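A.B. asks: 3D model of this:
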Amino acid sequence: MAKIRVKNLLIRTYIGFNPEELVNKQDVIINLEIETDIPELALKADEPMDIFDYKTITKKIIALVQDGKFKLLEVLTKNILDLIMEDEKVISARVEVDKPHALRFAESVSLEMEAKR
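C.D. replies: Presented below is the predicted three-dimensional model:
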């Protein structure tokens with residue numbers, strides 16, 4: 001079993017429900033932890049045989065976030081988690097999405113969700 005981590009993926013999207021948030025993209029920072037099995041054959045051959053492809057899922061997440069409009073951080077986080085869990089190779093996943101400067105005296109607000117098979 002292995003844990004794949006994607007750290008500090010910075011993407012711009014529409015996030016929030018205040019008038020200025022509906023028309024101006026903002027940064028979100030996404031951290032992923034994906035638990036998967038790595039086939040012994042792939043390890044012995046040093047070849048990507050039947051492994052979870054973190055590059056492909058990252059590209060899908062980027063497209064989802066960049067092209068979407070979200071009022072709630074909860075919905076954005078859940079949509080990312082659902083996208084990851086579509087792959088049967090995923091045993092469990094954890095997604096954390098930060099919205100920098102969401103609160104006046106805080107660096108960011110984040111939301112974290114997990115799913116398991």
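
A.B. asks: helix or strand: which one has Ile4?
C.D. replies: Element membership of Ile4, judged by DSSP states H and E, is strand 2-15.

A.B. asks: quick one: strands adjacent to that strand?
C.D. replies: Under the criterion DSSP bridges, strand 2-15 sits next to strand 26-36 (antiparallel), strand 69-70 (parallel) in its sheet.

A.B. asks: what's the mean pLDDT across the shortest one?
C.D. replies: Mean pLDDT, computed over strand 69-70, is 97.

A.B. asks: any idea which helix or strand in this protein has the lowest mean pLDDT?
C.D. replies: Lowest mean confidence among the helices and strands of the chain (mean pLDDT, DSSP states H and E): helix 40-45, at a mean of 90.

A.B. asks: that one: how far from the chain's middle?
C.D. replies: 27 Å (CA atoms, centre = their mean, to the nearest Å).

A.B. asks: what packs against the helix or strand that comes right after that helix?
C.D. replies: Going down the chain from helix 40-45, the next helix or strand is helix 54-67, by DSSP H and E. Counting by 3 or more CB pairs under 8 Å, 6 or more residues apart in numbering; DSSP states H and E, the packing neighbours recorded for helix 54-67 are strand 2-15, strand 26-36, helix 73-85. Every C-beta, even on glycine, is put in place using the N, C-alpha and C of the backbone.
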